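[1] Okay, here's the prediction I keep looking at, along with the sequence it came from:
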Amino acid sequence: MTEADEARARILEKAEQFFLTHGYSRVTMDDLATELRMSKKTLYRHFSSKEELGEAAITASFARIGEELRAILEDERRDFGERLEAFIRTLAGRYERGAMVLRDLQRDAPALWQKLLELRREAVQKRFGAFLAAGVKLGALRADVEPRLVLRMVLTLVDQLMRPDVLAELGMTAEQVFPRMLGVILDGIRTRA
């Protein structure tokens, strides 16, 4: 790893931390430069704008979440139901920890909000789609269920329900909504013992 790569990684790590702690709109490049003990010029050499830094932080965060979900879904020491519960808990918990930043992005940074939605859709399609297909193959989900259709249903519900404005309207947290939403879908497609 080069010195530039190390500096970039350090900036990203601190930015993610600040965004989660303070919200996206309250963090300035000045704050980050001060916290990192580097000049703004050095910071801007690695990221030309706060938006570029925000996009890089979102992308890095989704990459980590994707790896975490992959590890859960491939953990054959757990049965299908246990992996599903861990998957749901992980996603809902991550969403809940990032609730402030998500509200900020939705309200104040529409381009970054759209990027986040795009990455979220890709992650759900890639990770959850493969998991659904594996569930059918294992016999944990009904064989007559088309995984692509269920995946579309889940994507639609995630897009429509897992949003800061909708959660506020419902008076519920992501940790309350996500498992219930998936429970309604999955209880209808699981095989009966």
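    Looks like it came in fine.
[2] for the protein, what's the longest helix?
    Longest helix in the chain, counting residues (DSSP state H): helix 50-73.
[3] Which other helices and strands does it contact?
    helix 3-22, helix 29-36, helix 80-97, helix 110-123, helix 129-138 (3 or more CB pairs under 8 Å, 6 or more residues apart in numbering; DSSP states H and E). (Glycine included, C-beta is placed from N, CA and C.)
[4] Point out the one among those helices that comes closest to residue 171.
    For residue 171, the closest of the helices and strands packed on helix 50-73 is helix 80-97, at 14.5 Å, according to CB to CB.
[5] buried ones in that closest one?
    Judged by neighbour count using 16 or more other CB atoms under 10 Å, the buried positions of helix 80-97 are 80, 83, 84, 86, 87, 88, 91, 92, 94, 95.
[6] Also stretch 165-183?
    167, 174, 175, 177, 178, 179, 181, 182.
[7] For the first one, list the residues it contacts.
    When you say that, I think you mean residue 167. Neighbouring residues of residue 167 by CB atoms under 8 Å, 6 or more residues apart in numbering: 99, 161, 173, 174, 177.
[8] What is the most widely separated pair among those?
    Farthest-apart pair in those is 99 and 161; separation 13.8 Å (CB to CB).
[9] Low-confidence stretches in this structure?
    192-193 (pLDDT under 70).
[10] from memory residue 191 sits against residue 144, does it?
    No - with contact defined as CB atoms under 8 Å, residue 191 does not reach residue 144; the gap is 10.3 Å.
[11] Please identify which of these two sits among more neighbours.
    More crowded of residue 191 and residue 144, by other CB atoms under 10 Å: residue 191, with 13 against 7.
[12] number of nearby residues for the nearest residue to residue 181 once chain neighbours are set aside?
    Among residues not flanking residue 181 along the chain, residue 157 sits closest, at 5.3 Å (CB to CB, 6 or more residues apart in numbering). If you count neighbours by other CB under 10 Å, residue 157 ends up with 16.
[13] Residue 185 is in contact with residue 157, correct?
    Yes - with contact defined as CB under 8 Å, residue 157 reaches residue 185; the gap is 7.4 Å.
[14] Contacts for stretch 21-40, please.
    Applying CB under 8 Å, 6+ apart, the contact partners of stretch 21-40 are 7, 10-11, 14-15, 18-19, 42-44, 50, 53-54, 100-101, 103-105, 107-109, 112.
[15] switch to 7 Å and redo it
    Stretch 21-40 is contacted from outside by 10-11, 14-15, 18-19, 43, 50, 54, 100-101, 104-105, 108-109, using CB atoms under 7 Å, 6 or more residues apart in numbering.
[16] buried sites along stretch 45-63?
    Within stretch 45-63, the residues that count as buried by 16+ other CB under 10 Å are 46, 47, 50, 53, 54, 55, 56, 57, 58, 61, 62.
[17] Need the residues that contact stretch 83-98.
    With CB under 7 Å, 6+ apart as the test, stretch 83-98 has contacts from 20, 65, 68-69, 72-73, 75, 78, 131, 162, 173-175, 178-179, 182.
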